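Asker: With the input below, show me the fold.
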Amino acid sequence: MAILSLSITIADPTVLLDLGFDRIAVYRSTNSTNGIDGTFTELTTVPTRLVIDLSTRYYKYIDAAGELTYWYRVQYVNSVTLAVSTPEDAFRVTLATTDILTIDVLKNIYLFGLPLTD
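Answerer: Residues are numbered from 1 along each chain as shown. A predicted model of the protein is given here:
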């Protein structure tokens, strides 16, 4: 297992917001061979879905139990009606798109800000 940072790009947030979609749900498949077959399971939960902001096109999602062989995809969700969009094309994280997490990021996300000193 590896800690992977997924980069999610929205071409035009205005279009999604106009359609009523205000959240991003992230899905992962551990058994897909091509991004089409296999079972995709949502990694996010209702409170952890990414919030779509009018001025933001680029989003990050951390998969603490990821693998470079896993496939990911997103769907857009209306947080009031729970309507979902058609899934976007699946993608795999490559080393070129994987961010190296800093100690501060690891501390704040995974250790909830605990001090790392004696």
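Asker: Residues touching the helix or strand where residue 17 lies, excluding its own?
Answerer: With secondary structure defined by DSSP states H and E, residue 17 is part of helix 13-18. When contacts are taken as C-beta atoms under 8 Å, 6 or more residues apart in numbering, the neighbours of helix 13-18 outside the stretch itself are 10, 22, 52-57, 76, 85. No exception for glycine: its C-beta is placed from N, CA and C like everyone else's.
Asker: partners of whichever helix or strand comes after that helix in the sheet?
Answerer: For helix 13-18, the following helix or strand on the C-terminal side (DSSP H and E) is strand 23-29. Here strand 23-29 is paired, per DSSP bridges, with strand 41-42 (antiparallel), strand 50-51 (antiparallel), strand 71-77 (antiparallel).
Asker: Turn these into JSON lines, including distance to residue 3, mean pLDDT and mean neighbour count.
Answerer: Putting the strands paired with strand 23-29 into JSON lines (distance: least, C-beta to C-beta, whole Å; pLDDT from 0 to 100; neighbours: other C-beta atoms under 10 Å) gives the following:
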{"stretch": "strand 41-42", "distance to residue 3": "18", "mean pLDDT": "97", "mean neighbour count": "12"}
{"stretch": "strand 50-51", "distance to residue 3": "17", "mean pLDDT": "97", "mean neighbour count": "15"}
{"stretch": "strand 71-77", "distance to residue 3": "14", "mean pLDDT": "97", "mean neighbour count": "22"}
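Asker: Out of these, which gets nearest to residue 2?
Answerer: Ranking the strands paired with strand 23-29 by their distance to residue 2 (criterion: C-beta to C-beta) puts strand 71-77 first, at 13.3 Å.
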